[in-house]
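**Q** sequence and predicted model, in that order:
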Amino acid sequence: MIKSMTGFGRSEYSDGKRNIIVEIKSVNHRYGDINVKMPRRYSFAEDKIKNTVKDIARRGKIDVSIMVENVTEDDTTVKLNSMVARQYYDNLKELQSEFNVSGDITLQFLATLPDVMKSVPDVEDEEEICKSLLVPVRNAAQKLDEMRIAEGNKLAEDLIMRGGLIRELVRKIEERSPEVTAAYTEKLRERIKELIGSNVTIPEDRILVEAAIFADKCNITEEMVRLDSHTIQLSNIIANSNQPDGKKLDFLVQEMNREANTIGSKANDIEITNLMLEIKSEIEKIREQVQNIE
């Protein structure tokens, strides 16, 4: 199954203490790159979140956004830092003594000083929070996967169609190829007649030798066979894919383009050249599509 690397998935979940919203989007990337954006207090769950997403989407640039809204105050604790309060008190007493300043150091005043009283998130039960976070992460990743599969099916249809067009063009070139040497031989005869006149006997064996040399130089049989084989392989990979095959397809398209360039340079025939331009155009369209396949 061919998958696209582009997609989006969203999920919401509530465990009674917090509402969690997860959004996952992915775009093309050479490798698998997962970035997680969420409140720092839940950073202990980042590796599990990445692994959960990686099980479903193994290639692409994937951004995971997690928003958490607390609906209760059970996960927040107010803590007193008595050591900091003591240092404030001692320092204030010292200031009173040094500058001979009067005044009361009240509890209310001490409590308002920085870091004496702090609201600290209570995240001691990390396992429970991880379970809550992973529920919407899995759901969002599944929706992302569904979108990537749907787009991948469309890509597969387009690639197979273009592979079929290339095979049709290859068959036209195969039909034209034997005529190239015959046309060259006839042109060679006409050219010799123009140069030496029709009253002189043209050495047929010499003409045939020149034609054979020409035929050898512009022989594209091997390249045509390889190009056709690559096109068949393209369809087979798409039809039987059960893993990320984007890199494999990308390499195959490079090989197809290499054979097409060689055929174009060796053909020495305007009709074959025009057919090769059509083939190269289709290969380029395939290459662009393959860049989006996982």
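**A** Happy to help now that I have it.

**Q** how deep is the closest residue to residue 144 other than its chain neighbours tucked in, by neighbour count?
**A** Excluding the flanking residues, the one nearest residue 144 by Cβ to Cβ, 6 or more residues apart in numbering is residue 9, at 3.3 Å. Any C-beta I mention is one placed from the backbone N, CA and C, and that applies to glycine too. Number of residues near residue 9 (other Cβ atoms under 10 Å) recorded here: 26.

**Q** which residues does residue 9 contact?
**A** By Cβ atoms under 8 Å, 6 or more residues apart in numbering, the contact set of residue 9 is 23, 24, 25, 139, 140, 141, 142, 143, 144, 145, 146, 147.

**Q** buried ones in the helix or strand in which it is found, by neighbour count?
**A** Per DSSP states H and E: residue 9 is located in strand 7-14. Residues of strand 7-14 classed as buried by neighbour count (16 or more other Cβ atoms under 10 Å): 7, 9, 11, 13.

**Q** which one of the residues you listed is nearest to residue 285?
**A** Residue 285 has its nearest neighbour among the buried residues of strand 7-14 in residue 7, at 21.7 Å by Cβ to Cβ.

**Q** could you check how far that closest one is from residue 57?
**A** 8 Å (Cβ to Cβ, to the nearest Å).

**Q** what do these two both touch?
**A** Shared contacts of residue 7 and residue 57, counting by Cβ under 8 Å, 6+ apart, come down to 26, 144, 145, 148.

**Q** what about the last one, neighbour count?
**A** Using other Cβ under 10 Å as the criterion, residue 148 is surrounded by 26 other residues.

**Q** repeat for the third one
**A** Neighbour count for residue 145, taken as other Cβ under 10 Å: 21.

**Q** tell me if I'm right that it and residue 54 touch.
**A** No: counting by Cβ atoms under 8 Å, residue 145 does not reach residue 54; the two are 11.8 Å apart.
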